[in-house]
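**Student:** make a model of this:
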Amino acid sequence: MLTIDKVITHIMEPSSDRLILSDTCMSLSDEVNDMLEHKISRLFTSPQKKTGKIQEKEELIQLLHEWKNQEISFIELSHRLTTHIFHAKRKYAQYHSGDMLMAELVYEGQRYIVGLDNSHSIAYTHQLSQTGDTTAITIENCITLSPSMLKRDAAFFICVSDLEVSTIETKVEIEAKKCCFYNDVIFHLNAPASYHEAIHTMNKVCDDLIDEYQLKSVDVKGKMKQVIKEQLEQEEPLKPEEIAAMVFESQPLAKKRFTQELKEEGIEAAIPIEHVKVNKADRVQRIKTDKGIELIIPIDFMQTTDYVEIINEEEGMISIRLKNIHRITSK
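**Tutor:** This next block holds a predicted model:
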């Protein structure tokens, strides 16, 4: 259950050094309110979310305490936090424009400050009006707000009770290195990898080891998918060492390298799977031959020769045999 109490929108255009801060909270139409509630609710359960704690010495801790103690208003909090983000974008050459929608809301009984860094270019996403010294920015049409995260979008959630912060974002290049702008630069969270990041890294490491040790891609990737699927179904956190032991059971050097490279990427402890569901892609394995033939096979069938058999022929060719089939349909 999510209830939005206040929303304010600011405009950030780092490329032109233009920051426009709204002086008033928005009055949301039912359409925009419903869309924002739906979008934010989905983000709270995203497998891309990574969570950590702001360090006590951080400047933002003092700012949040001032707001919690009612020394500053929500609007002042949003001004100072957005200004901090804007200057960091300028400093680290993150020049794409965006609307910062900042909300105070309650989700499942907990109060949060939520920021949506909603990228925009030519598309109309906001309306700016100024009366005297007062600036107001409103979202008039929810069609221009994506119901899901776009590539340049980002989001953060600050839990008011314990100041725990979650971020959702794609990595950007800063000073010739790939990093997460909000996680690493703004909040300095040192948060563990999200489920999404961990799976991406494990697949990349697997591909490298398959090439280096000349392993069978179908066997290795199939085993990894099977192990992950089973642990998700049992609602158990993913443990890199256990995955390595099962995937590289007969390859001790590859097993050691797998855990070592994950550790170097910051993936060492158990990977949380809260809100992660086994989807269709997790249940099947896609096989593509050098002739362009593609097969989609349920992962459970890949672990037995009762239904699928991959045969290495004497002349070096490979055959795939599908067995125990009663009928074939065209789709």
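**Student:** and the helix or strand encompassing residue 9, how far out from the chain's middle?
**Tutor:** Taking DSSP states H and E as the criterion, residue 9 maps to strand 2-13. Centroid separation for strand 2-13 versus its chain: 21 Å, with Cα atoms, centre = their mean, to the nearest Å.
**Student:** what comes up buried for that strand?
**Tutor:** Counting neighbours by 16 or more other Cβ atoms under 10 Å, one finds that the buried residues in strand 2-13 are 2, 4, 6-13. All C-beta spots, glycine's among them, are computed from the backbone N, C-alpha and C.
**Student:** direction included, what does that strand pair against?
**Tutor:** In the sheet, strand 2-13 lines up against strand 18-20 (antiparallel), strand 98-107 (antiparallel) (DSSP bridges).
**Student:** could you dump these into a markdown table with mean neighbour count added?
**Tutor:** Below are the strands paired with strand 2-13 laid out as a markdown table (neighbours: other Cβ atoms under 10 Å):
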| stretch | mean neighbour count |
| --- | --- |
| strand 18-20 | 15 |
| strand 98-107 | 21 |
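**Student:** reformat those as a markdown table; add mean pLDDT and distance to residue 35.
**Tutor:** Supplementary listing: these in a markdown table, determined by pLDDT from 0 to 100; distance: least, Cβ to Cβ, whole Å:
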| stretch | mean pLDDT | distance to residue 35 |
| --- | --- | --- |
| strand 18-20 | 93 | 23 |
| strand 98-107 | 94 | 11 |
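**Student:** of those, which is nearest residue 41?
**Tutor:** Among the strands paired with strand 2-13, strand 98-107 comes nearest to residue 41, with 7.4 Å by Cβ to Cβ.
**Student:** and the angle for the next helix or strand after that closest one with strand 2-13?
**Tutor:** As assigned by DSSP H and E, the chain's next helix or strand after strand 98-107 is strand 110-119. When axes from the mean of the first three to the mean of the last three Cα atoms, to 10 degrees is applied, the directions of strand 110-119 and strand 2-13 differ by 30 degrees.
**Student:** what's the average pLDDT for strand 110-119?
**Tutor:** For strand 110-119, the mean pLDDT works out to 94.
**Student:** in that strand, what's buried?
**Tutor:** In terms of neighbour count (16+ other Cβ under 10 Å), strand 110-119 has its buried residues at 112-119.
**Student:** now stretch 242-250
**Tutor:** 243-244, 247-248.
**Student:** about what we covered before: I'd like the buried residues of strand 2-13 as a markdown table, with distance to residue 308 appended.
**Tutor:** As requested, these are exported to a markdown table (distance: Cβ to Cβ, whole Å):
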| residue | distance to residue 308 |
| --- | --- |
| 2 | 45 |
| 4 | 50 |
| 6 | 56 |
| 7 | 52 |
| 8 | 56 |
| 9 | 53 |
| 10 | 55 |
| 11 | 55 |
| 12 | 52 |
| 13 | 55 |
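**Student:** tell me which of those is nearest to residue 27?
**Tutor:** Using Cβ to Cβ, the shortest approach to residue 27 within the buried residues of strand 2-13 belongs to residue 7, at 9.2 Å.
**Student:** can I have the strand holding residue 9 written out in PDB, keeping just the CAs?
**Tutor:** Extracted in PDB, the C-alpha atoms of strand 2-13 (Å, rounded to 0.1, in the frame of the first residue of the first chain):
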ATOM      1  CA  LEU A   2       1.500   3.300  -1.100                       C
ATOM      2  CA  THR A   3       0.200   6.900  -0.300                       C
ATOM      3  CA  ILE A   4       1.800  10.000  -1.800                       C
ATOM      4  CA  ASP A   5       1.600  13.000   0.600                       C
ATOM      5  CA  LYS A   6       3.700  15.600  -1.300                       C
ATOM      6  CA  VAL A   7       5.400  15.800  -4.700                       C
ATOM      7  CA  ILE A   8       7.500  18.600  -6.000                       C
ATOM      8  CA  THR A   9       9.300  18.800  -9.400                       C
ATOM      9  CA  HIS A  10      12.600  20.600 -10.300                       C
ATOM     10  CA  ILE A  11      14.300  21.000 -13.600                       C
ATOM     11  CA  MET A  12      17.900  20.100 -14.100                       C
ATOM     12  CA  GLU A  13      19.800  21.000 -17.300                       C
END
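**Student:** now do stretch 175-188: distance from first to last residue.
**Tutor:** 16 Å (Cα to Cα, to the nearest Å).
**Student:** can you list contacts of that stretch?
**Tutor:** Outside of stretch 175-188, the residues within contact range by Cβ atoms under 8 Å, 6 or more residues apart in numbering are 50, 52, 54-55, 58, 60, 84-85, 88-89, 92, 94, 117, 154, 156, 165, 167, 169, 171-172, 174, 189, 191.
**Student:** what residues of that stretch count as buried?
**Tutor:** 180-188.
**Student:** quick check: of these, which lies closest to residue 38?
**Tutor:** Taking Cβ to Cβ as the measure, residue 38 sits nearest to residue 182 out of the buried residues of stretch 175-188, at 21.9 Å.
**Student:** where are the low-confidence patches of the stretch 151-300 of the chain?
**Tutor:** Under the criterion of pLDDT under 70, the regions of the stretch 151-300 of the chain flagged as low confidence span 280-281.
**Student:** could I get the strands paired with strand 2-13 as a markdown table with distance to residue 296?
**Tutor:** What follows is the strands paired with strand 2-13, written out as a markdown table (distance: least, Cβ to Cβ, whole Å):
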| stretch | distance to residue 296 |
| --- | --- |
| strand 18-20 | 49 |
| strand 98-107 | 37 |
